[in-house]
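J.: Below is the structure, and that's it, no one-letter string:
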């Protein structure tokens, strides 16, 4: 079994402008490609687990999501930092689009995306980690059996009291530096 680093997307990998479903609204956060590459070099698989309720809300389509994902992956590939697997949940229980209106196993804080990745990539969840910018990201990871959870980004103050135990970091670059220091 292999260890993996799991990531939320908006607010962790790219700037969260709210419902990022178009390439022109996608801006990667400084240092992310290098941070992902460093985690790969430390032996982690890279797995994206992202709620995409903008699809269910009609803000953009699944096709739009796939275009943004292809753009992201192509840019990350320049650094050998592309994701090994991308899991997304297009559902929302109050979705205006009926096709996506459901309570599912994949929408965080439920662990479905983590468990799907575990099966597909033979991941040891106990030795994996999660990096997210909302407590629901970390709760989902914990529900899947991941013990090492990092809260990053703009919501540290409002989210840190909603989940424990967690590690706080300003961004992915700081998480990588912390991991490297722990390995010394």
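T.: Arrived safely, thanks for sending. Everything numeric here is computed off the predicted structure, so don't read it as measured data.

J.: which residues sit in contact with the residue nearest to residue 174 when sequence neighbours are not counted?
T.: The shortest distance from residue 174 to any non-neighbouring residue, by CB to CB, 6 or more residues apart in numbering, is to residue 152 (7.5 Å). Heads up, the C-betas are built off the backbone N, CA and C, glycines and all. Residues near residue 152 by CB atoms under 8 Å, 6 or more residues apart in numbering: 11-12, 131-133, 168-172, 174-175.

J.: hmm, try it at 7 Å
T.: Neighbouring residues of residue 152 by CB atoms under 7 Å, 6 or more residues apart in numbering: 12, 131, 133, 169-172, 175.

J.: what about it, distance to residue 133?
T.: Distance, residue 152 to residue 133, by CB to CB, to the nearest Å: 6 Å.

J.: Common neighbours of these two, please.
T.: Residues touching both residue 152 and residue 133 (CB under 7 Å, 6+ apart): residue 12.

J.: After the single longest helix found in the chain, which helix or strand is next?
T.: Taking DSSP state H as the criterion, the chain has its longest helix at helix 62-77. Per DSSP states H and E, the first helix or strand lying C-terminal to helix 62-77 is strand 85-89.

J.: relative to strand 85-89, how tilted is whichever helix or strand comes after that next one?
T.: Next along the chain after strand 85-89, taking DSSP H and E as the criterion, comes helix 112-121. Angle, helix 112-121 to strand 85-89, by axes from the mean of the first three to the mean of the last three CA atoms, to 10 degrees: 150 degrees.
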